[in-house]
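Peer 1: Sequence first, predicted model second:
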Amino acid sequence: MDFLSLIMNTANLNLARKWRSRNFDQIVGQELSIRMLKNSLYLNQYFPVYLFSGQRGCGKTTTARVFAAAINCEQLDGFRKKPKISPVPCLECSSCKAMLGGKHPDFIEIDAASHTGVDNVRQIIDASQLLPLMGNKKIYLIDEAHMLSKAAFNAFLKILEEPPSSVLFILATTDPQKIIDTVKSRCFRLFFKSVAHTPLLGHLKNVCNTEKIAYEDAALDLIIKETEGSVRDALNVVEQVRFARGRVTKDAVLHVLGHIDDERMLKFFEILIQGSSKELLQFLQMIRFDLFSAEFMWNKLIEILRAALWVSNGVTPEWFSHYVDALKKVLHGCSVSRLNSILMLFYSYENLFLKTTAKHSLLEMIFLQVTQKNAGTSNDSGSSPASCNAASPVIQEENSLDDDIDEDVQEEEIEEEGSSSQWKAFLSSLDALKEPLLSSIFKNGTAVTFDKERAALAVTFAKQFAFFQETLNEMKKLWFPLLQNSFAQNVTFDPQFTGQQKKIEPKIEKITKPDVKISASNSTTQKCFSRPTKRTQKFQSYTTLVAGKTIDITDSDVWKKATMIARYFSGTFSEINEA
Ligand SMILES: [Zn+2]
């Protein structure tokens, strides 16, 4: 059975599996490694342990399987005599067929990610003493080998010191740094590079033509760029696009990847640095922001901001050269210090962004912080002097709430003025309580609506603030009377931790307000913010600006809470008191 008829019989498999290489010639873009393995086969000289390292999807496990098939192929002697005429694996002998069917008794594949323990390794060691049943060697492929525990590695070392001649190990890993040196030094190492553009493009075209998938060259180019040289990822995207749209076009690829094309990203950037919060939200609604990948938006915005900084300094950024003229127009009147401060704002949220599951709401909140500054930008060139200071790792935002509401509100209907001032009054009365944590939580409410008829006040917080709901309940006695004073005696308070902007009903009034304020330095936080071990107990307590309280970090519950607070109000821990 030839290769083509074989894959025709496996039409139910997905593309990446269906097109998985079965012999050396089909492996894309790893010429050097393949040549070394073929030499090994030709000379009949094997190392007891091979270490295949390289990024995901570049062919490590596939190559390991092909190599294993070749070692046990019945045609191996023929290959040694006439390597060009008689390739291995032949794919036809009983050993090769057993390999193709995944049933070879001498090929054992172990996923170290799910078999990390020392017992698993001991089982391997015991079994490896037995002679191979069908082929020349018993071959163990340990995938994701870096996931093995230290004890497992140490047990493994024993067999590596005196490996039985009938056994061969192949370790495959994306992270060779995590494999202990004593193991690494006993391995024959092969590096698998990410597959280069040209061979991968040729491969994708071949797959599309054979599978009768219509495609645009530009779409395949984009897929290769986005999947960073991973054959498997690239084929998976081709397949997803084919199922979603039939034809593999650039637009379809963008859609499947959750990406926005550069033109629309640029339009978005223009609104971000020049437009109002309202325009921004309308744009997000128009493009259906939730459908796009938040990571992509984040990376793309950083890329554009970086390009903007280059352009502002009179240098053309190569990676953005197609859009330099458009970018210059977008940037008119936007100072370098303002670009800097926006970039810094994004970076100040980087850790939270990586951790949170509500990435879209967080992004939305950051975008709004940027646009809320826009109205004031025209006259003060966009930032406080402190934000231009490169030594300061954090944006210095003005702390006064009043500064931030300003012009933006002018765009809203005048009748909203009422509840806006009520909310402001409530926030400032909160400040008088000298409970900064409480103030900080309330100041993070993103959308506030007050239904006068029902006296119902709704405030939306980002999803990740749900943690503070308990705090709000605990402290209700303190803040609720103030809320009654500012709104109505029968006011009901409905916090929503959905992180989404609420739709405004015609008769309901709305105010917008800015979000997190960062006032302290992040570097201080990072320096101080590590919990001492129980053994040393050098530090006993904290003082925080936000909570305004000393927190005893030897209490693990309190510590947990303090960590949460620090996560959402970064840069707030200011001092450690030594015991
Ligand atoms: Zn064979």
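Peer 2: Ah, there it is. Numbering: from 1, shown residues only.

Peer 1: Only C-alpha atoms from now on, for both contacts and neighbour counts.
Peer 2: Will do.

Peer 1: what sits against the nearest residue to residue 259 once chain neighbours are set aside?
Peer 2: Distances taken as C-alpha to C-alpha, 6 or more residues apart in numbering put residue 292 closest to residue 259, at 5.8 Å, once the chain neighbours are dropped. Neighbouring residues of residue 292 by C-alpha atoms under 8 Å, 6 or more residues apart in numbering: 258, 259, 260.

Peer 1: A helix includes the second one, no?
Peer 2: So that's residue 259. No. Applying DSSP: H, G, I helix; E, B strand; the rest coil, one finds residue 259 to be coil, outside a helix.

Peer 1: Minimum distance to the ion, which residue of the stretch 101-250 of the chain gives it?
Peer 2: residue 135 (10.2 Å; C-alpha to the ion).

Peer 1: and stretch 42-51, which residues are buried?
Peer 2: 42, 47, 48, 49, 50, 51 (16 or more other C-alpha atoms under 10 Å).

Peer 1: Using the three-state scheme, assign residue 450.
Peer 2: With three-state DSSP as the criterion, residue 450 reads strand.

Peer 1: That one: neighbouring residues, count only.
Peer 2: For residue 450, the count of nearby residues is 27 (other C-alpha atoms under 10 Å).

Peer 1: In contact with residue 203, which residues?
Peer 2: Counted by C-alpha under 8 Å, 6+ apart, residue 203 has contacts residue 28.

Peer 1: try 10 Å
Peer 2: With contact taken as C-alpha atoms under 10 Å, 6 or more residues apart in numbering, residue 203 is in contact with 19, 26, 27, 28, 29, 197, 209, 231, 235.

Peer 1: Tell me the buried residues in the helix or strand harbouring it?
Peer 2: Assigned by DSSP states H and E, residue 203 falls within helix 197-211. Across helix 197-211, burial judged by 16+ other C-alpha under 10 Å covers 200, 201, 203, 204, 205, 207, 208.

Peer 1: Figure out how far that helix is from the centre of its chain.
Peer 2: 28 Å (C-alpha atoms, centre = their mean, to the nearest Å).

Peer 1: what helices or strands is the helix or strand just after it leaning on?
Peer 2: Towards the C-terminus, the helix or strand next in line after helix 197-211, according to DSSP H and E, is helix 217-227. For helix 217-227, the elements it packs on are helix 197-211, helix 231-245, helix 250-257, judged by 3 or more C-alpha pairs under 10 Å, 6 or more residues apart in numbering; DSSP states H and E.

Peer 1: please redo it, this time with the cut-off set to 7 Å
Peer 2: Judged by 3 or more C-alpha pairs under 7 Å, 6 or more residues apart in numbering; DSSP states H and E, the packing partners of helix 217-227 are helix 231-245, helix 250-257.

Peer 1: Report the contact partners of the residue of the stretch 101-250 of the chain closest to the ion.
Peer 2: When contacts are counted by C-alpha atoms under 7 Å, 6 or more residues apart in numbering, residue 135 is found next to 72, 95, 106.

Peer 1: Now residue 214. Nearest residue, chain neighbours left out?
Peer 2: In space, residue 214 is closest to residue 247, 5.1 Å off (C-alpha to C-alpha, 6+ apart).

Peer 1: separation between the one you found and residue 229?
Peer 2: Applying C-alpha to C-alpha, to the nearest Å, the value for residue 247 to residue 229 is 22 Å.

Peer 1: more neighbours, those two?
Peer 2: Set side by side, residue 247 and residue 229 show more neighbours around residue 229, with 24 against 17, by other C-alpha under 10 Å.

Peer 1: My guess is that one contacts residue 192. True?
Peer 2: No. The pair residue 229 / residue 192 is not scored as a contact, 10.9 Å apart, by C-alpha atoms under 7 Å.

Peer 1: Could you pull out the residues contacting both of these two?
Peer 2: residue 58.

Peer 1: Could you pull up phi and psi at residue 169?
Peer 2: phi -110, psi 140 (degrees, to the nearest 10).

Peer 1: residues near it, how many?
Peer 2: 21.

Peer 1: Report the beta-bridge partner residues of it.
Peer 2: residue 49, residue 140 (DSSP bridges).

Peer 1: Was I right to think it contacts residue 49?
Peer 2: Yes. Taking contacts as C-alpha under 7 Å, residue 169 lies within contact range of residue 49: 4.6 Å.

Peer 1: which residues sit in contact with the residue nearest to residue 214?
Peer 2: Here residue 247 is in contact with 213, 214, 215 (C-alpha under 7 Å, 6+ apart).

Peer 1: just checking, what packs against the longest helix along the chain?
Peer 2: If you go by DSSP state H, the chain has its longest helix at helix 359-380. Helix 359-380 sits against helix 262-274, helix 277-287, helix 401-410, with contacts defined as 3+ C-alpha pairs under 7 Å, 6+ apart.
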